[in-house]
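Novice: Here's a sequence, model it:
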Amino acid sequence: MADRQLTMEEFQSIMFAAVGGDGANFVADTEQEFEDLGYDSLALLEAGGRIEREYGISLDDSVLTGSTTPQSFVDAVNQVISTGTAA
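Specialist: As a prediction, the model looks like this:
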């Protein structure tokens, strides 16, 4: 189990690497829905794959489909990192 938690800044960097975008409001709007930020489910899938490889974890589909904001996504990933199970 990985000890390192995913930070919002790391998630932002992973999202930019995965799909690009200007991301001007990404960190400031951690409770705004991904759709409103201009990210779709494919963006989360790509970012999720990168996180799985970097952190050595497996994310359940519920993490990818159930997380509607950057903060909820980071929280769900960190629960998987901490406990080994999806939220």
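
Novice: Which stretches in the protein count as helices?
Specialist: 8-19, 34-37, 41-55, 61-66, 70-83 (DSSP state H).

Novice: From Asp3, how far off is the closest residue to Pro70 other than its chain neighbours?
Specialist: Leaving out its chain neighbours, the residue that sits closest to Pro70 by CB to CB, 6 or more residues apart in numbering is Thr30, at 4.7 Å. For every residue, glycine as well, the C-beta is placed using N, CA and C. Distance, Thr30 to Asp3, using CB to CB, to the nearest Å: 23 Å.

Novice: before we move on, the earlier item: tell me the most buried of the helices of the chain?
Specialist: helix 70-83 (a mean of 18; mean count of other CB atoms under 10 Å).

Novice: which residues touch the residue positioned nearest the centre of the chain?
Specialist: Ranked by distance to the mean C-alpha position of the chain (CA atoms, centre = their mean), the top residue is Phe73 at 4.6 Å. In this structure, Phe73 makes contact with Phe11, Phe34, Leu44, Val63, Ser67, judged by CB atoms under 8 Å, 6 or more residues apart in numbering.

Novice: Glu33 is in contact with the third one, correct?
Specialist: No: in this structure Leu44 lies outside contact range of Glu33 using CB atoms under 8 Å: 11.7 Å.

Novice: Comparing Thr30 and Asp3, which residue is more hemmed in?
Specialist: The residue with more neighbours, out of Thr30 and Asp3, is Thr30; 17 against 6, by other CB atoms under 10 Å.
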